Structures are given as C-alpha cells and as structure tokens.
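Peer 1: After the sequence you'll find the predicted model.
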Amino acid sequence: MIKKITFIGSGNVAHNLGKVLLKNGIEIIQVYSRNIENAKKLAVQLAAAFTDDLRKLNTESDLYIIASSDNAIEKIANQLDLEGKLVVHTSGSVSIKVLTNATQNCGSFYPLQTFTKSHQADFTLIPICIEASSLESFQILKELANNLSTKVVNMTSEQRQKLHLAAVFVSNFSNYMQVIGYELCEEQQVDFNLLKPLIKEVFEKNQQHNAIDNQTGPALRGDTFTMNKHLDLLENNKELSELYQLISNMIGKSK
Ligand SMILES: NC(=O)c1ccc[n+]([C@@H]2O[C@H](COP(=O)([O-])OP(=O)(O)OC[C@H]3O[C@@H](n4cnc5c(N)ncnc54)[C@H](OP(=O)(O)O)[C@@H]3O)[C@@H](O)[C@H]2O)c1
C-alpha cells in the first residue's frame with residue numbers, strides 16, 4: 001500500500017495529482033524540481049520537503065512519480081539509483097522501459113485529461129491508465145488509482161502511446177481548430193461567441209454517439225461549390241488552404 005510519495009517535477013500534473021493524493025490521505029514527502037523556486041512553491045502546497053538535487057532524494061517513499069516533460073524522463077531516470085523502489089512516470093507517450101536504469105520496479109500512471117496548474121481537476125471521472133513491470137506493482141498502483149478515480153485501466157506502453165496520439169487529435173488539434181475559427185471571426189469582426197452553441201452541440205453529441213455518425217458539412221455532402229468558395233476566402237493563407245483541402249478530402253473519403 002502506498003503511503004508516502006515523492007514527486008520529481010513540479011508542473012501541471014504534479015500540481016493536480018499531488019493535491020488530489022494529499023486530499024486522499026497520502027503523504028507527499030518531497031518534491032524535486034531542477035528549479036528550486038518551483039519545487040518550493042509546490043512543496044508548500046503539499047506540506048512536503050523540497051530539493052533541486054536528485055542526489056538528495058529521500059529513500060523512504062513508497063512511490064516516486066516522475067512528472068517531468070517527456071523529453072526529460074529518461075535523462076532523470078538515468079540519474080536515479082532507486083533499485084527496488086517503485087518509480088512511475090505520468091506520460092502518455094513514453095515507454096516504461098526508459099525507467100529501468102533507475103529501478104527494475106517501474107511503471108506508468110497516466111491520467112488521461114488535460115491539466116493546468118491554475119485549475120484543480122476532479123479526478124473521479126478521469127481515466128487512469130496503469131502499467132507496471134510486475135503484477136505486484138500493478139496491484140499497488142491500481143489500488144492507489146482506485147482511490148482517486150472510478151475508471152482505472154490496464155494498458156501496455158504500445159496501447160498507451162496510441163491512446164495518447166488519439167488524445168492529441170481529439171483534444172489538442174480540435175482545440176487548435178477553435179483557435180483558427182476565432183481568428184477567422186476576428187478578421188470580419190464577427191463575435192466568436194456565436195459559434196459556442198455549435199461547439200457545445202458537437203462535443204455533447206459525441207458523448208452519446210460515434211463521431212463518424214455525427215459528421216456533417218460541405219465535404220461530406222460533396223458540395224464542391226461551397227468548398228471552392230471557402231478556398232477562395234483562404235487564397236491568401238496557403239497553410240490553411242492546404243489544411244482545409246486535406247481534411248475535406250479525408251471527410252469525403254470517410255462516407
Ligand atoms: N499537462 C497535461 O495535460 C498532461 C496530461 C497527462 C499527462 N501528462 C504528462 O505528464 C508529464 C508532465 O507534464 P506537465 O504538463 O506537468 O509538464 P510541465 O507543466 O511542463 O512540467 C514539466 C516539469 O518537468 C520539469 N523539467 C522539464 N525539463 C526538465 C529537465 N530537462 N530536467 C529536469 N526537469 C525538467 C519542469 O521543470 P521546470 O519547472 O524547472 O521547468 C517541470 O517541473 C509529461 O510526461 C506529460 O506528457 C501531461
């Protein structure tokens with residue numbers, strides 16, 4: 001059973017996960033960050049000690065959570081000597097193999113949601129994807145995740161990486177589509193808020209039905225006249241014009 005945790009990294013995920021773990025009775029005993037001020041800021045909120053020196057990491061924790069940027073996980077793991085201790089990362093896209101230089105007892109604890117420091121997420125409905133190097137560690141992580149969420153899923157690194165790729169499309173990319181929509185409205189001083197009921201309807205409908213069944217629009221209907229009009233409106237924006245054609249072609253073929 002996990003009682004004491006150390007966080008390595010003090011960003012969005014460490015803030016959200018650290019706080020919900022604390023609320024659930026877990027002691028956060030230390031926060032590491034390469035930037036001591038960032039380590040301190042989070043540590044104060046979690047009633048934890050803090051350090052900017054990986055050599056000063058405590059050895060009393062039951063679990064070490066590396067919540068650093070994806071690029072840094074392996075580099076950090078290579079500097080740790082925690083053999084026998086359970087070490088996980090929180091990444092959607094990094095294999096747990098990169099942790100084996102730190103310890104053979106490793107895994108991943110990937111909460112499938114978008115997190116920012118300024119907003120504390122409600123974990124109860126957030127899927128937590130778990131992977132571990134042994135059945136025993138898997139059970140330990142599962143028990144911990146079950147305290148936070150009603151949706152805990154067993155997943156291999158390969159499955160998690162594909163899921164993360166899907167998450168980038170449905171979340172990051174669709175968010176960026178709204179950024180494009182905002183800019184197009186701005187160009188004609190049209191109020192972007194007019195699009196909000198439409199955005200809400202698309203996302204809400206997709207909670208009930210498959211997205212493929214909810215597709216509408218000129219590309220699906222084969223309305224080439226309208227599509228050509230749109231391309232005329234984008235004639236001064238090569239990138240957007242190419243993006244429009246690429247997505248429209250894919251939608252057209254999806255029929
Ligand atoms: N944010 C999300 O929505 C989300 C959701 C699920 C999973 N994740 C995963 O969770 C992990 C953390 O994401 P995040 O959004 O919390 O990231 P973040 O807010 O950017 O924080 C990254 C942390 O990593 C540290 N770091 C970056 N490069 C480093 C290096 N070279 N050496 C040591 N420390 C380094 C940063 O230190 P400084 O403070 O000094 O910059 C910071 O503490 C990632 O693996 C990400 O894929 C993120």
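Peer 2: Yep, it's here.
Peer 1: Just give me how far stretch 27-38 sits from the chain centre.
Peer 2: 21 Å (CA atoms, centre = their mean, to the nearest Å).
Peer 1: Tell me the buried residues in it?
Peer 2: 27-33, 38 (16 or more other CB atoms under 10 Å). Where you see a C-beta, it was placed from the backbone N, CA and C, and this is true even at glycine.
Peer 1: Out of these, list just those in strands.
Peer 2: 27-32 (DSSP state E).
Peer 1: With pLDDT and distance to residue 143 added, can I get those residues in CSV?
Peer 2: Listed next are those as CSV, based on pLDDT from 0 to 100; distance: CB to CB, whole Å:
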residue, pLDDT, distance to residue 143
27, 98, 16
28, 98, 17
29, 98, 19
30, 98, 22
31, 98, 23
32, 98, 25
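Peer 1: Now the two most distant members of the residues you listed.
Peer 2: Taking CB to CB as the measure, those span a maximum distance of 15.9 Å, between 27 and 32.
Peer 1: is any part of the host helix or strand of residue 136 close to the ligand?
Peer 2: Applying DSSP states H and E as the criterion places residue 136 in helix 135-148. No: using CB under 6 Å from any ligand atom, helix 135-148 stays clear of the ligand, with a minimum separation of 13.6 Å.
Peer 1: Quick check: buried residues in the very next helix or strand once past that helix?
Peer 2: Remark: after helix 135-148, the chain's next helix or strand is strand 152-154, criterion DSSP H and E. The neighbour-count check on strand 152-154 (16+ other CB under 10 Å) flags 152-153 as buried.
Peer 1: count of neighbours near the closest residue to residue 93 other than its chain neighbours?
Peer 2: Distances taken as CB to CB, 6 or more residues apart in numbering place residue 164 nearest to residue 93, at 4.7 Å, with adjacent residues excluded. Residues lying near residue 164 (other CB atoms under 10 Å) number 17.
Peer 1: So what does residue 164 look like in phi/psi?
Peer 2: phi -70, psi -40 (degrees, to the nearest 10).
Peer 1: mind checking how far it is from the ligand?
Peer 2: When distance is defined by CB to the nearest ligand atom, to the nearest Å, residue 164 is 8 Å away from the ligand.
Peer 1: Test my guess that that residue contacts residue 90.
Peer 2: No: the criterion here is CB atoms under 8 Å, and residue 164 misses it with residue 90 at 11.4 Å.
Peer 1: which residues do these two both contact?
Peer 2: Here residue 164 and residue 90 have residue 110 as joint contacts, going by CB atoms under 8 Å, 6 or more residues apart in numbering.
Peer 1: number of nearby residues for the residue nearest to residue 13 when sequence neighbours are not counted?
Peer 2: Residue nearest to residue 13 in three dimensions, not counting chain neighbours: residue 67, with 4.4 Å by CB to CB, 6+ apart. A count of nearby residues for residue 67, using other CB under 10 Å, gives 25.
Peer 1: which residues does residue 67 contact?
Peer 2: 7-11, 13-14, 17, 89-90 are the contacts of residue 67 under CB under 8 Å, 6+ apart.
Peer 1: Enumerate the residues of this protein near the ligand.
Peer 2: Going by CB under 6 Å from any ligand atom, the residues of the chain near the ligand are 9-14, 33-35, 38, 67-70, 72, 75-76, 90-92, 110-111, 114-115.
Peer 1: Look through this protein and state the residue closest to the ligand.
Peer 2: Nearest residue of the chain to the ligand, counting by CB to the nearest ligand atom: residue 11, 2.0 Å away.
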